[in-house]
Each structure stands twice: as C-alpha cells, then as structure tokens.
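[1] Whatever this is, show me its structure:
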Amino acid sequence: SWLDCCFQCGSSGAADTLLFCVDCAEAYHTFCVNVPVESMSAAAVAAWRCPNCKLCEITGRVPEDDSRLIYCEMCDGGFTLDLLEPPLDSVPEGLWICGRCVDCRGCRGKRKERVSRRYWSCDPQLCFECGGCDSLVDDKLVCEARRC
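    Here you go, the predicted structure:
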C-alpha cells in the first residue's frame with residue numbers, strides 16, 4: 001500500500017493535513033510549510049504551489065530575486081513587489097492580502113470588473129481603493145491608485 005509522506009519532514013503521519021503541490025505533486029503538511037489552509041478557498045487549495053515551485057502569480061514566472069516575492073496571507077500565492085498596484089518597495093509588516101482574496105465590504109464588489117491580480121490590501125474586508133492600506137502607503141500613491 002502507498003503512503004504519502006511530507007516532502008519537508010518525511011513523516012506520513014497527520015495525513016489529513018497534507019497539501020499537494022499543483023506543479024510537482026509533492027505532499028507537504030500544512031504546518032510544515034506554514035500554509036493558511038483555514039482561509040484558503042477550495043480553488044486556492046487546488047492551485048497551491050510548494051516552496052520549491054513558487055512563482056509570481058502575475059507573470060507566471062519565477063523572479064530572478066525571490067526575495068522580491070510577497071505571499072498572500074489567505075491563499076499563499078506569490079506576487080512580485082514591483083508589479084503590484086500600487087508597487088511596494090519592501091514586504092510590509094502585518095497582513096498582506098492579494099486582490100483575489102479581498103472581499104470588500106466598502107464597495108460591496110462594485111469594482112469587481114477592475115479586480116486584478118496586481119491589487120492588494122492589508123484588510124480582507126476592504127480593497128485598497130476603499131482604504132484597506134491607508135496606513136502603509138503615502139498619500140501620493142493612494143491618490144494615484146484611487147484616480148483622485
């Protein structure tokens with residue numbers, strides 16, 4: 001009989017916590033790779049990439065400098081800092097959530113036609129344009145992003 005083992009720790013225990021990489025099909029315990037599986041949708045779980053297969057979800061490529069990737073706290077997807085709208089110089093402290101995972105209570109999804117993989121927020125219930133990151137970026141960036 002076949003036992004799936006965690007690629008990280010080598011254990012076949014806690015099989016109910018194993019997550020499989022969409023690219024290489026290796027199994028990982030969610031706790032071994034610190035994956036936020038509780039906040040992930042079924043689609044995010046099915047599309048999850050392991051640490052060895054992480055890439056930029058915007059370009060579909062592995063960046064030359066992987067320290068320029070930021071990971072969504074809700075889906076674990078990787079995004080290149082320079083390609084975000086508005087762009088970030090470095091990984092901010094606290095929550096960082098990609099535009100796909102934000103369920104904005106401010107605009108109630110009226111901006112869905114403008115949702116992009118490039119957008120982000122620090123609040124799972126407010127998109128950037130509704131003030132989800134006002135404390136993180138300067139007023140000029142906020143005004144440009146909101147088309148003031």
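
[2] what mean pLDDT does the strand or helix carrying Ala44 have?
    Using DSSP states H and E, Ala44 sits in helix 42-46. Mean per-residue pLDDT for helix 42-46: 93.

[3] Can you give the distance of it from its chain's centre?
    Put simply, helix 42-46 sits 12 Å off its chain's centre (Cα atoms, centre = their mean, to the nearest Å).

[4] buried residues in that helix?
    Using 16 or more other Cβ atoms under 10 Å as the test for burial, helix 42-46 gives 44-45. Backbone N, C-alpha and C define where each C-beta goes, glycine included.

[5] Show residues contacting it.
    Applying Cβ atoms under 8 Å, 6 or more residues apart in numbering, the external contacts of helix 42-46 come out as 19, 22, 37, 74-77, 101.

[6] Who's the closest spatial neighbour of the residue sitting nearest the centre point of the chain, skipping the chain neighbours?
    With distances taken as Cα atoms, centre = their mean, Cys72 lies nearest the centre of the chain, 2.3 Å away. Nearest residue to Cys72 in three dimensions, chain neighbours excluded: Cys98, at 4.0 Å (Cβ to Cβ, 6 or more residues apart in numbering).

[7] go on, Cys122?
    Cys133 (4.6 Å).

[8] got a list of what the one you found touches?
    With Cβ under 8 Å, 6+ apart, Cys133 has these contacts: 120-123.

[9] how about the helices in this protein?
    42-46, 139-146 (DSSP state H).
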